[in-house]
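**Student:** take a look and give me a structure for this.
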Amino acid sequence: MLKNIIGLLAGLLFGLGLLISGMTDPAKVQGFLDVFGAWDISLALVMGGGLAVALVGVQLARRQQSSWIGTPIDMPSKTIITKPLIIGAMLFGIGWGLVGICPGPGIVLLGTGHWQAYVFVPAMIVGMLIYQWVEPKIS
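**Tutor:** Next up, the predicted model:
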């Protein structure tokens, strides 16, 4: 039960941060990617702030055996860049650049009534299902 409450609070905090920072606005994201036009640096500042918070969190997690709710902390150990990782990153980047929405803001946008979310989130789910179907065949 505590795990679900902490997950809910973390998700609400993340969504609120996305709304306050304006990162749910696809035009703002596309403005960041338009480096030779009307470039908008705000996404870089939000990412920098997120990176700083994550670095602190990772350093704290590395010093502990279990989380605050008692579950074991399993830090990733893979450091090799693989072909599937590169292909996945490229597909993510292409989609993000085309529509200006990534999974987190897409889910937040569902709650705000933006029509783009009602196209993006189902397409994202279909993509995830296709991956689950294709990945075992190519591994």
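**Student:** surely Tyr118 meets Ile107?
**Tutor:** No. At 11.6 Å, Tyr118 does not count as touching Ile107 under the criterion of Cβ atoms under 8 Å. C-beta coordinates here come from the backbone N, C-alpha and C atoms, glycine included.
**Student:** between the two, who's got more neighbours?
**Tutor:** Between Tyr118 and Ile107, Ile107 has the larger neighbour count (other Cβ atoms under 10 Å), namely 19 against 13.
**Student:** which helix or strand contains that one?
**Tutor:** Using DSSP states H and E, Ile107 falls within helix 103-112.
**Student:** who are the packing partners of that helix?
**Tutor:** helix 2-21, helix 115-138 (3 or more Cβ pairs under 8 Å, 6 or more residues apart in numbering; DSSP states H and E).
**Student:** could I get the ones you listed as TSV with distance to Thr82?
**Tutor:** Below are the helices and strands packed on helix 103-112 laid out as TSV (distance: least, Cβ to Cβ, whole Å):
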stretch	distance to Thr82
helix 2-21	28
helix 115-138	12
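**Student:** if we can go back for a sec, what is the mean pLDDT for the helix holding Ile107?
**Tutor:** In this model, helix 103-112 has an average pLDDT of 88.
**Student:** that helix vs helix 115-138, what angle?
**Tutor:** With axes from the mean of the first three to the mean of the last three Cα atoms, to 10 degrees defining the directions, helix 103-112 sits at 140 degrees from helix 115-138.
**Student:** could you export the helices and strands packed on helix 103-112 as TSV, including mean pLDDT and distance to Gln64?
**Tutor:** Formatted as TSV, the helices and strands packed on helix 103-112 follow (pLDDT from 0 to 100; distance: least, Cβ to Cβ, whole Å):
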stretch	mean pLDDT	distance to Gln64
helix 2-21	89	15
helix 115-138	88	31
